[in-house]
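S.K.: Would you be able to build a 3D model of this:
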Amino acid sequence: MPSKQKLIDIIRMQTEIAKVGFDLGYVMCNVVEYTLPLADADGAAIEIAEGNEMVYRAASGIASNMLGLRLNKKTSMSGLSVETNTLLTCDDSETDPRVDKIACRKIGVRSMIVMPLEFKGQSVGVLKAMYSQPNGFRDKDVVVMNLLAEMVAASMYYSEQYNHDELFKKATHDSMTGLANKALFMDRLRCTLEQSKRADSMAALVIGDMDGLKQINDTIGHRAGDAAIKEFAQRIKNTMRDTDTAARIGGDEFGFILTPLNTKQDLPQVLNRFESALIPPFKFENKEFHLKVSLGTASIPHDGDDVAQVYDLADQRMYQTKRFNKQHHSSFVN
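M.R.: Next up is the predicted model:
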């Protein structure tokens, strides 16, 4: 059995999650973070079954860079757990024929607990605890994993209108803005990079951080701040094509994947559309806001063909822009 302190920590986690209602994406992200200390794990992930693949929709620890990773359901332990609706454990990934050894080596996993997530009587995914050493888990960790899996399953049940399409949307979209969430965004980014390699095509990654949101929250309140986030998201989304992806990565940070791009001039033209869409002031309860954003970009494949490489570069360029904007923008509220 888990220790008294572990049970207290689980109750605390349940309380924190209950405060935000049934936002499935939020629940999954928090559960994988809590899995690390509660199951004494080095990494954790929630994988959702999509067709013949298992897709990482939330990840933490040594698996944190694997968001969007897709594994063949038939050649992974996660897929086997879903197909059999059975708890599975692996003592050593190097000797266990059920695991995807290439994926395990890439992440740094040597042992794991794989717990099926049940929704409406069938397994739709797994919660996985990962350990960097063989035989890394104990019996009490399995008990903890069962409790955590039940929490995710309960969120799936109550956050939905009981059909798989809605479940997928809840797991992959931001509840406030309706945009893609970070998990889906990273999945799309991986696919874009792979497509660029195969077809020798161009694309771009844009990372944006809203300027002045803290000032709006501090001077008027978080209701105004939330309204500004929604308005910002809608305006930018309206400038994008069906082939592009707009996502809320977290807080006031957004990500955009522009694909395909026909020439190098396409990217600055898109950025100009972003800026033009934000020019009209946003009104909220007799107050006017100026919506502004700091942007950083990475061109694909010119700036790289690896997820971490292009994401980090766009992120760094965004922060460079943000530092400049802070020196030149004084007020965002009229």
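S.K.: Every contact and neighbour count from this point should use C-alpha atoms.
M.R.: Noted.
S.K.: Packing partners of the top helix by length along the chain?
M.R.: Longest helix in the chain by number of residues (criterion: DSSP state H): helix 307-328. Applying 3 or more CA pairs under 8 Å, 6 or more residues apart in numbering; DSSP states H and E, one finds that helix 307-328 makes contact with helix 182-199, strand 202-211, strand 292-300.
S.K.: How about residues contacting the shortest one?
M.R.: In this case it means strand 292-300. Residues lying outside strand 292-300 but in contact with it, judged by CA atoms under 8 Å, 6 or more residues apart in numbering, are 193, 196, 202-212, 275, 278, 310-311, 313-319, 321-322, 325.
S.K.: just so I have it, where are all the strands in the stretch 101-250 of the chain?
M.R.: 111-119, 122-131, 202-211, 245-250 (DSSP state E, counting those that start in this stretch).
S.K.: Reformat these as a markdown table; add mean pLDDT, distance to residue 155 and mean neighbour count.
M.R.: Supplementary listing: those in a markdown table, determined by pLDDT from 0 to 100; distance: least, CA to CA, whole Å; neighbours: other CA atoms under 10 Å:
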| stretch | mean pLDDT | distance to residue 155 | mean neighbour count |
| --- | --- | --- | --- |
| strand 111-119 | 93 | 10 | 26 |
| strand 122-131 | 93 | 13 | 26 |
| strand 202-211 | 96 | 30 | 24 |
| strand 245-250 | 95 | 20 | 21 |
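S.K.: right, and those strands - which one's nearest residue 150?
M.R.: Taking CA to CA, strand 111-119 is the member of the strands of the stretch 101-250 of the chain nearest to residue 150, at 7.4 Å.
S.K.: returning to what we had before: between the strands of the stretch 101-250 of the chain, which one is closest to residue 175.
M.R.: The stretch from those with the least distance to residue 175 (CA to CA) is strand 245-250; that distance is 9.7 Å.
S.K.: Can you name the secondary structure element that comes next after that closest one?
M.R.: Following strand 245-250 in sequence order, the next helix or strand is strand 253-261 (DSSP states H and E).
S.K.: In terms of secondary structure, what does that next one contact?
M.R.: Here strand 253-261 touches helix 182-199, strand 202-211, strand 245-250, going by 3+ CA pairs under 8 Å, 6+ apart.
S.K.: I'd say residue 262 and residue 202 touch.
M.R.: Yes - in this structure, residue 262 is within contact of residue 202 by CA atoms under 8 Å, at 6.8 Å.
S.K.: my guess is residue 29 meets residue 58, correct?
M.R.: Yes - taking CA under 8 Å as the definition, residue 29 is a contact partner of residue 58 at 5.4 Å.
S.K.: of those two, who's got more company?
M.R.: residue 58 (31 against 19; other CA atoms under 10 Å).
S.K.: The longest helix of the chain vs strand 292-300, what angle?
M.R.: 150 degrees (axes from the mean of the first three to the mean of the last three CA atoms, to 10 degrees).
S.K.: Work out the gap between helix 307-328 and the centre of the chain.
M.R.: Between the mean C-alpha location of helix 307-328 and the chain-wide mean there is a distance of 19 Å, by CA atoms, centre = their mean, to the nearest Å.
S.K.: same question, stretch 270-280
M.R.: For stretch 270-280, the gap between its own C-alpha mean and the chain's C-alpha mean amounts to 26 Å (CA atoms, centre = their mean).
S.K.: Report how many residues lie close to residue 99.
M.R.: The burial count assigned to residue 99 is 20, neighbours taken as other CA under 10 Å.
S.K.: Quick one: low-confidence residue ranges for the stretch 51-200 of the chain.
M.R.: For the stretch 51-200 of the chain, residues meeting the criterion pLDDT under 70 lie at 157-166.
S.K.: quick one, helices of it?
M.R.: Taking DSSP state H, counting those that start in this stretch, the helices of the stretch 51-200 of the chain run over residues 77-84, 101-107, 139-158, 164-172, 182-199.
S.K.: Nearest to residue 9 among those would be which one?
M.R.: Distances from residue 9 to each of the helices of the stretch 51-200 of the chain were compared using CA to CA; the minimum, 10.7 Å, belongs to helix 139-158.
S.K.: Could you dump the helices of the stretch 51-200 of the chain into CSV with mean neighbour count and distance to residue 91 added?
M.R.: Rendered in CSV, the data for the helices of the stretch 51-200 of the chain read as follows (neighbours: other CA atoms under 10 Å; distance: least, CA to CA, whole Å):
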stretch, mean neighbour count, distance to residue 91
helix 77-84, 23, 12
helix 101-107, 15, 13
helix 139-158, 19, 12
helix 164-172, 18, 30
helix 182-199, 19, 28
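S.K.: To residue 5, which of the ones you listed lies closest?
M.R.: In this view, the helices of the stretch 51-200 of the chain are compared for proximity to residue 5 by CA to CA, and helix 139-158 is the closest at 12.1 Å.
S.K.: Just the residues contacting that closest one, thanks.
M.R.: Outside helix 139-158, the residues within contact range by CA under 8 Å, 6+ apart are 1-2, 14, 22-24, 27-28, 31, 35, 38-40, 113, 115-120, 126-127, 129, 167.
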